[in-house]
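Asker: after the sequence you'll find the predicted model.
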Amino acid sequence: REGFNLFALGPAGVGKHQLVQRFLQERAAAEPVPSDLCYVHNFKDPQKPRALRLPPGRGAPLAKDLEHLIDELRAAVPAVFESEDYRARKALIDKELDEKQARTFEAFEERAAARGVSVHRTPSGVALGPSRDGQVLSDEEFEALPEEERRELTASIEDLQGELQEYLQAAPRLGREHWRKLEALDREVTSHAVSHLIDELRGRYQDLPEVLEHLTAVQQDVIDNAGDFLPPDEGSDDDSSPGAAPAPMPGDR
């Protein structure tokens, strides 16, 4: 009955294998041709692969098509990140951040200079100090100034110190904006590289909604994880996008 195993017992050489095979072939000839079952990755729950039920004979071509797709993606995705167009667009995004950082810091330096305060870089960050004619005053020179001028310079430095802190605190926001633009660029170029390859497959499986759904999931996963297709020196071990780079420190130009 259904659910039981059948064992053919007997001495070697009496034709057990041929007998069972002939019986099964005759029985199968009278039964409907079974569907092909293809197990594919479940991107929503990787621990539970999906089983696609396909018309007879469609499973093996799908497996070959997906293997071929992966081979093509291994070449196509790195190619777009090595292209001159990508490098030029990424350079523009980097330049935009550099210029924004520079303009903001230069404006701060000008406001400080107008109040007799110098802004200079130190190994530990940015320092403010009293100046005259563009030259930083030593402690002795500062103490030699009239008391009223010393008070004004001290007040100016305190005010500017608060403004500098606000500027430094805003730097991570600029870095995140820079990263989002790079991420959007990476997703755009990856989508372009992937879409025409997967669209070609979609044309072959228009009659199979489950396959189309899986191809859409594959496309989205490649876009989300383009770094997996890049060489180790270009990819990333973390969740950052392939082209992302650290934002420059405030004041770097």
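Answerer: Received it, and whenever you're ready, just let me know what you need. Residues are numbered from 1 along each chain as shown.

Asker: using the three-state scheme, assign Asp45.
Answerer: The three-state label given to Asp45 by DSSP: H, G, I helix; E, B strand; the rest coil is coil.

Asker: end-to-end on stretch 3-11?
Answerer: This stretch, stretch 3-11, spans 26 Å end to end (Cα to Cα, to the nearest Å).

Asker: now do it: distance to the chain's middle.
Answerer: Offset of stretch 3-11 from its chain centre (Cα atoms, centre = their mean, to the nearest Å): 55 Å.

Asker: quick one: average pLDDT of that stretch?
Answerer: Per-residue pLDDT over stretch 3-11 has a mean of 89.

Asker: now the helix or strand containing Cys38: buried residues?
Answerer: For Cys38, the element it lies in under DSSP states H and E is strand 36-40. With burial defined by 16 or more other Cβ atoms under 10 Å, the residues of strand 36-40 counted as buried are Asp36, Cys38, Val40. From N, CA and C alone the C-beta is placed, and that goes for glycine too.

Asker: may I have the strands that pair with it, each with its orientation?
Answerer: In the sheet, strand 36-40 lines up against strand 50-54 (antiparallel) (DSSP bridges).

Asker: buried sites along the strand it pairs with?
Answerer: Buried residues in strand 50-54, counted by 16+ other Cβ under 10 Å: Arg50, Leu52, Leu54.

Asker: for the first one, give me its contacts.
Answerer: Contact partners of Arg50, counting by Cβ atoms under 8 Å, 6 or more residues apart in numbering, are Tyr39, Val40, His41, Asn42, His214.

Asker: could you measure the first one against Pro78, distance?
Answerer: For Tyr39, the distance to Pro78 under the criterion Cβ to Cβ, to the nearest Å works out to 29 Å.

Asker: next one: the fourth one
Answerer: Asn42 sits 27 Å away from Pro78, taking Cβ to Cβ as the criterion.

Asker: what about the two, which has more around it?
Answerer: The neighbour comparison of Asn42 against Pro78 (other Cβ atoms under 10 Å) goes to Pro78, with 18 against 14.

Asker: how many other residues sit next to the closest residue to that one other than its chain neighbours?
Answerer: Closest residue to Pro78 apart from its sequence neighbours, by Cβ to Cβ, 6 or more residues apart in numbering: Leu230 at 5.5 Å. For Leu230, the neighbour count with other Cβ under 10 Å is 17.

Asker: and Asn5, by the same measure?
Answerer: Using other Cβ under 10 Å, Asn5 is surrounded by 4 other residues.

Asker: counting neighbours, what do you get for the nearest residue to His41 once chain neighbours are set aside?
Answerer: Counting by Cβ to Cβ, 6+ apart, His41 lies nearest to Pro49, which is 6.3 Å off, once chain neighbours are set aside. Pro49 sits with 12 neighbouring residues when counted by other Cβ under 10 Å.

Asker: what do you get for Gln101?
Answerer: Neighbourhood size, Gln101 [other Cβ under 10 Å]: 22.

Asker: need the contact partners of stretch 58-66.
Answerer: Counting by Cβ under 8 Å, 6+ apart, Asp36, Leu37, Cys38, Val40, Leu52, Leu54, Leu201, Arg204, Tyr205, Leu208, Val211, Val218 sit against stretch 58-66.

Asker: and Ala8, how far is that from Ala113?
Answerer: 98 Å.

Asker: ok, the buried residues of strand 36-40 vs Ala193, which is closest?
Answerer: Nearest to Ala193 among the buried residues of strand 36-40: Val40, at 21.6 Å, using Cβ to Cβ.

Asker: touching, that closest one and Glu210? I think so.
Answerer: No: using Cβ atoms under 8 Å, Val40 is not in contact with Glu210, being 9.1 Å away.

Asker: show me where this protein dips below the pLDDT cut-off.
Answerer: 124, 133-134, 233-253 (pLDDT under 70).
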